[in-house]
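Here is a sequence with its predicted model. Questions after.
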Amino acid sequence: MSPFAAIAIVLASILAMEGVAWWSHKYVMHGFGWGWHRDHHEPHDGFLERNDRFALVGAAISISFFALGSPLVLGASAWPPGTWIGLGVMGYGIIYTLVHDGLVHQRWFRWVPRGGYARRLVQAHKLHHATIGKEGGVSFGFVFARDPVRLKRELKAQRESGLAVLREAVE
């Protein structure tokens with residue numbers, strides 16, 4: 001496989017993971033996986049959250065792709081793109097950890113962006129946390145953020161329709 005193809009697979013995997021993350025956040029974490037995700041939306045003591053178990057799921061997916069691509073694991077039946085997909089999944093996990101946990105939730109460092117895309121990302125995710133419970137909500141992605149003004153309108157419409165209960169600060 002050419003270096004260009006390998007790099008393209010890694011980058012495409014990172015981009016695809018935002019879609020996977022959006023879908024799993026909306027339908028798994030705010031669905032049947034709410035038991036693990038709930039503490040991420042509520043005040044809690046301690047450094048770790050039950051929600052952090054989802055990082056282990058992501059790591060298992062990455063490791064599985066590395067194994068699929070490894071001649072050491074599968075011999076001649078190894079699928080070379082698996083290694084590069086695994087690297088892309090791992091890259092997304094690193095980006096997620098730095099951006100979502102680090103920047104948005106301030107778990108690793110303290111920096112509040114005053115403008116630009118980083119500020120938009122923080123605002124969008126704070127609006128995601130504006131709902132009480134798992135119903136309703138906006139901005140389920142982790143790296144791509146929509147316009148906060150539009151997200152506020154969507155939250156208002158969800159509140160008015162009875163789909164979402166909002167925290168007082170947003171109403």
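On my side now, so go ahead.

rest of the way, CA atoms for contacts and neighbours
Fine.

what's the model's confidence in stretch 163-171, averaged?
Regarding stretch 163-171, the rounded mean pLDDT is 76.

I should have written stretch 71-80 there, sorry.
pLDDT averaged over stretch 71-80 gives 95.

now the helices: where do they sit in this structure?
3-23, 34-37, 53-68, 71-74, 81-96, 116-128, 148-161 (DSSP state H).

right, so of these, which gets closest to Asp45?
helix 34-37 (15.0 Å; CA to CA).

any idea how far the nearest residue to Ala6 once chain neighbours are set aside is from Ser70?
Leaving aside its sequence neighbours, Ala6 sits nearest to Trp84 (CA to CA, 6 or more residues apart in numbering; 6.0 Å). Separation of Trp84 from Ser70 (CA to CA, to the nearest Å) stands at 10 Å.

Pick out whichever of the two has more residues nearby.
Trp84 (23 against 19; other CA atoms under 10 Å).

residues touching the more buried one, list them.
Going by CA atoms under 8 Å, 6 or more residues apart in numbering, Trp84 touches Ala6, Ile7, Ile9, Val10, Phe66, Gly69.

Check whether Leu121 really touches Gly141, as I assumed.
No. Look at Leu121 against Gly141 with CA atoms under 8 Å: they stay out of range, at 9.7 Å.

residues contacting the residue of the chain most remote from its centre?
Most distant residue from the mean C-alpha position of the chain: Ala76, 34.5 Å away (CA atoms, centre = their mean). By CA under 8 Å, 6+ apart, the contact list for Ala76 is empty.

make it 10 Å
For Ala76, the contact set (CA atoms under 10 Å, 6 or more residues apart in numbering) comprises Ser70.

now it: how far from Gly82?
Applying CA to CA to Ala76 and Gly82 gives a distance of 14 Å.
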